[in-house]
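Engineer: One predicted model, sequence on top.
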Amino acid sequence: MKTFVLNGTKRELSNKQAIKTLRRNGLVPCVLYGAKQENVNFTVNEKELGAVLNTPNSYIIELNIEGSKYLSVFHDAQFHPVSDAVLHADFLAVNKEKPVSINVPIVITGNSEGVRQGGKLIVSSRKLRISAMIDKLPDSLEVDITELGLGKSILAGDLSYENIQILTPKPTIICAVKMTRAAIGAAAAAAKQ
């Protein structure tokens, strides 16, 4: 999995006015927690943080906070309800010796048999939650739909990958091929012949 470096500056816990001043200066208050370490409060540049938030990709994030380096994954962010500006971000520290749980993008490959028969491909999930060691984490997961017929679907429980445990609930639909009016009409015409 790709690593993204994010530079930050330590901050002290303070009042609302100090936090508003940070935000006016283009900084986002953040916190790093987990992996049996003390919480680290810091700020990052809003534009740099946007590179992590505004992408479908997942990254291992190397936080460089005043010379101290931490491996982490993006966990959560709070946004302003009107302006959509980032108000706060949370990062979860990870350990190289323990599995990491992260959402990874799904890449659909192949040409579905059901689509060739006139069906419509519906993609219900764009990401899968997985657990794996850091060095085994993929940038994306491929789902081959070549054998997917009309009215059929692929569930999270149908997928398996080497060295990866899928945490997404098994009944979660990844994609399906739905019948369309054109496909129903073609099937009816074939039945009359």
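Structural biologist: Nice, I can see it. Numbering: from 1, shown residues only.

Engineer: Please report how far Lys20 lies from Pro138.
Structural biologist: Applying CB to CB, to the nearest Å, one obtains 40 Å for the distance of Lys20 from Pro138. (Glycine included, C-beta is placed from N, CA and C.)

Engineer: of those two, who's got more company?
Structural biologist: Pro138 (16 against 10; other CB atoms under 10 Å).

Engineer: Can you give me the domain assignment for the chain?
Structural biologist: When the chain is parsed into structural domains using automatic domain parsing, the resulting residue ranges are 3-98, 101-192.

Engineer: Now mean pLDDT too, for these, in TSV please.
Structural biologist: Below are the domains of the chain laid out as TSV (pLDDT from 0 to 100):
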stretch	mean pLDDT
domain 3-98	90
domain 101-192	90
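
Engineer: Ser83: what secondary structure?
Structural biologist: When the structure is reduced to helix, strand and coil (DSSP: H, G, I helix; E, B strand; the rest coil), Ser83 reads as coil.

Engineer: backbone phi and psi for it, please?
Structural biologist: Ser83 has phi and psi values of phi -80, psi -10 when expressed as degrees, to the nearest 10.

Engineer: Look up how far Leu49 lies from it.
Structural biologist: Separation of Ser83 from Leu49 (CB to CB): 15 Å.

Engineer: which one of the two has more residues nearby?
Structural biologist: The residue with the greater number of neighbours, taking Ser83 and Leu49 and applying other CB under 10 Å, is Leu49; the counts read 21 against 8.

Engineer: Since that was my last question, I'll sign off now.
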